[in-house]
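Trainee: structure, please.
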Amino acid sequence: MVGELKVDKTNSGIINRVLTTNLDDFIEIAKALSTDIRVNIFKQLIKGSMNVNEISEMFEIPPSTAAVNIKKLEEAKLIKTELIPGTRGTQKVCAAVYSRIIVEMEEGLESKNNENFVLTPMPIGHFFDSKVAPTCGLLNEEGIIGEFDDPGSFFDPNRVSAKLIWFCKGFVEYRFPKQAPHGTTITNLEFTMEICSEAPLHNLNWPSDITMWINGVEIGTWTSPGDFGGERGVLTPSWWGTENSQFGLLKTWRVNNEGTFIDGRKISNCQLKDLNLLSQSYISMRIGLKEDALNNGGINLFGKGFGNYDTDIVMRLDYIQN
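Mentor: Next up, the predicted model:
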């Protein structure tokens, strides 16, 4: 299992949250949660620890049945048990280990068959250009960079340390090095990032049409369903209140010789040949909102150390030898 992080304190102690990056890692968890009774026991233990007799009484099942189901959850490492002294001997106390499970359905970037590729992570604060309008702002691990709702803060030298940026209108633009070796042809270009809409504080129902341009060419638009808050992101620091934006969705824009795709779904006929990749030594990527966007709901962009995914913006170049 991967991506284990200590992030929250509850009445029952520190609850770890797990990020599972592929379906193979999820098999044992799925087996453990394959019955209603185990799902309900797990949900109850997230709220607080209980002993076996309490679980037996709450769910009106024999203690032996409760013990069998508890063992399944423990084997999947979803809960932990501890024997402690009680009024009548020892008692087994159960507590949840994880409060959130995230499963990525796609293969990770490193698992693709093609061995000829380059991954370039870009911290979200290292944008080359920006044009934004309030609401807007930048944060790093320590606090606010510049001023809230001040587009001028996007030119503060400290912007390079940003871990969360947001804006209601406009764009940010990055320049990535074109690192495919000489004498090769690029066959696939991808950009992956954690992103969502930007609402006042947060709003789960706040659609936003977020568009990407590569080398000035519009490649496609993804509609974010909302601005996610109300519960803490896996990585989001405790000082950033849960009433604010907490995490986004991990999205991948991909362009190849067949068209443009978002998370494997084709969204346009724009191909690599349309991107003028040979015209300059870098690749520009702009992410933002078109002025005539139907859903002009802004952007939150999460970097390494904020949100649910410990990642910068990542560009992937696949290539073949000529």
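Trainee: assumed residue 154 was part of a helix.
Mentor: Yes - under DSSP: H, G, I helix; E, B strand; the rest coil, residue 154 falls within a helix.
Trainee: measure it to residue 63 for me?
Mentor: 61 Å (C-beta to C-beta, to the nearest Å). (Each C-beta comes from the backbone N, C-alpha and C, glycine too.)
Trainee: these two: which is more packed in?
Mentor: When neighbours are counted by other C-beta atoms under 10 Å, residue 154 and residue 63 differ, and residue 154 comes out ahead with 23 against 13.
Trainee: contacting residues around that one?
Mentor: When contacts are counted by C-beta atoms under 8 Å, 6 or more residues apart in numbering, residue 154 is found next to 127, 130, 132, 136, 138, 146, 165, 172.
Trainee: and with 10 Å instead?
Mentor: Taking C-beta atoms under 10 Å, 6 or more residues apart in numbering, we find residue 154 in contact with 125, 127, 129-132, 136-138, 145-146, 162, 165, 167, 170, 172.
Trainee: I'd say residue 286 and residue 129 touch.
Mentor: Yes - assessed by C-beta atoms under 10 Å, residue 286 is found in contact with residue 129 at 8.1 Å.
Trainee: what sits in contact with each of the two?
Mentor: Shared contacts of residue 286 and residue 129, counting by C-beta under 10 Å, 6+ apart, come down to 171-174.
Trainee: inside strands: which ones of the residues you listed?
Mentor: Among the shared contacts of residue 286 and residue 129, the residues falling in strands (DSSP state E) are 171-174.
Trainee: is there a quick PyMOL command that grabs whichever of the residues you listed are buried?
Mentor: Buried residues among those (16 or more other C-beta atoms under 10 Å), as a PyMOL selection:
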select buried, resi 171+172+173+174
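Trainee: out of the ones in strands among the shared contacts of residue 286 and residue 129, who's nearest residue 54?
Mentor: Nearest to residue 54, judged by C-beta to C-beta, of those is residue 172 at 51.7 Å.
Trainee: and the closest one, how close does it get to residue 195?
Mentor: 11 Å.
Trainee: then residue 276?
Mentor: Distance from residue 276 to residue 195, by C-beta to C-beta: 25 Å.
Trainee: who has more neighbours out of these two?
Mentor: Higher neighbour count among residue 276 and residue 195: residue 195, with 22 against 13, using other C-beta under 10 Å.
Trainee: for residue 81, name its beta-bridge partners.
Mentor: With DSSP bridges as the criterion, residue 81 is bridged to residue 94.
Trainee: tell me the one among the shared contacts of residue 286 and residue 129 nearest to residue 318.
Mentor: Distances from residue 318 to the shared contacts of residue 286 and residue 129, taken by C-beta to C-beta, are shortest for residue 174, at 19.3 Å.
Trainee: tell me the pLDDT at the closest one?
Mentor: pLDDT recorded at residue 174 is 98.
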